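J.: Just to be clear, the model below is a prediction. Sequence and coordinates:
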Amino acid sequence: AETIIVRSGQVGGSPGTVPTTSYVSSPDDIFTVLTGPSMLPLRGSSFTAVDFAAADAGSSAVLISPHPTAWPALTLSTDPDARWINHIHGLIFQCCGSGIPAKSVLFSAPFNVTTPGTNPATVTCTFAGDDRLGDAPTGPNPIGVYVNGVPLNSGFSGPVIGVEYTATDNNVPVTQGQNRIYFYTRDTAGSVSGLICSCTIEVGAPTPVEEASWGSIKTRND
């Protein structure tokens, strides 16, 4: 088995320093973005290969500081090295970068598989974001996470503002060489947007039954 970890907010191979007092922010090492509108789905129909390719070729995501009241802490409980990212850095309350202007965003990150051939993988992600992961419960793209353009199960969708979740999907096809994982954060309120995530991809250890874990670890307290 081969284990790969993809986490947001890395700069130069290490957890990035979030901005606090200016618009200057560091680009994420691997995450790039396709930016959509505020308060609307990124696309009016199902994502296509063109959309995923545009996210691959998009500008780098940038580190942001977490919203001071609406979001969880700086890091995930399962991965202290993950950091918040967004399509752009913006100020809030005249103090810290927290995801303004809000947009619906498709994030793209590559990961490399060294195991020969096409293999099943188990993908487990812990994440939080704003406002939703995917267009669920209704919309053209209800699922919020994709591997090589293929949507994962429904555990990777739903409201995520101020809450940390973990979801798992088994028998996800990956191939030797470069693969891609995508996160789609849907803006609904036009206030702030952002994503923090950490994914463990285990290649070559198939599980016969697909299942998802979708449980709240932290809850909003504002």
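T.: Structure received.

J.: contacts and neighbour counts: CA atoms only from here.
T.: Fine.

J.: Phi and psi next, for D169.
T.: Main-chain dihedrals, D169, degrees, to the nearest 10: phi -130, psi 140.

J.: give me the beta-bridge partners of it?
T.: Using DSSP bridges, the bridge partners assigned to D169 are V123.

J.: Tell me how many other residues surround G16.
T.: For G16, the neighbour count with other Cα atoms under 10 Å is 23.

J.: you'd agree it is up against S8?
T.: No: if you go by Cα atoms under 8 Å, G16 and S8 don't touch, sitting 9.3 Å apart.

J.: who touches both of these two?
T.: Jointly contacting G16 and S8 under the rule Cα atoms under 8 Å, 6 or more residues apart in numbering are 28, 83.

J.: what's the spacing between the most centrally placed residue in the chain and P116?
T.: Central residue of the chain (Cα atoms, centre = their mean): F183, 3.9 Å from the mean position. F183 sits 26 Å away from P116 when distances are taken as Cα to Cα, to the nearest Å.

J.: re the thing from before, who does the residue nearest to the centre of the chain form a beta bridge with?
T.: On the basis of DSSP bridges, F183 is bridged to F107, V145.

J.: and it, what is it in contact with?
T.: With Cα under 8 Å, 6+ apart, F183 has these contacts: 106-108, 133, 144-146.

J.: any chance of these in TSV, plus neighbour count and distance to E202?
T.: Formatted as TSV, those follow (neighbours: other Cα atoms under 10 Å; distance: Cα to Cα, whole Å):
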residue	neighbour count	distance to E202
L106	28	23
F107	27	21
S108	28	19
L133	29	22
G144	24	20
V145	26	16
Y146	19	16
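
J.: Between all of those, which two are at the greatest distance?
T.: S108 and L133 (14.0 Å; Cα to Cα).

J.: Which of the three states applies to V6?
T.: Following DSSP: H, G, I helix; E, B strand; the rest coil, we place V6 in the strand state.

J.: Quick check, pLDDT for it.
T.: We have a pLDDT of 98 for V6.

J.: hey, where'd the helices end up in this protein?
T.: 49-56 (DSSP state H).

J.: low pLDDT regions in it?
T.: Applying pLDDT under 70 to the chain flags the ranges 19-24, 72, 89-98, 205-222.

J.: For burial, what's the neighbour tally of the spatially closest residue to E2 that is not a sequence neighbour?
T.: Distances taken as Cα to Cα, 6 or more residues apart in numbering place V203 nearest to E2, at 5.0 Å, with adjacent residues excluded. Around V203 there are 25 other residues, counting by other Cα under 10 Å.

J.: need the contact list for V203.
T.: V203 touches 1-3, 113, 115, 119-122, 174, counting by Cα under 8 Å, 6+ apart.

J.: What's the ChimeraX line that selects buried ones from those residues?
T.: To isolate the buried ones among the contacts of V203 in ChimeraX, judged by 16 or more other Cα atoms under 10 Å, type:
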select :113,119,120,121,122,174
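
J.: so which pair among the contacts of V203 is furthest apart in space?
T.: Pairwise distances across the contacts of V203 peak at 14.0 Å for T115 and T122 (criterion: Cα to Cα).

J.: Would you mind measuring from S46 to V174?
T.: Per Cα to Cα, S46 is found 22 Å from V174.
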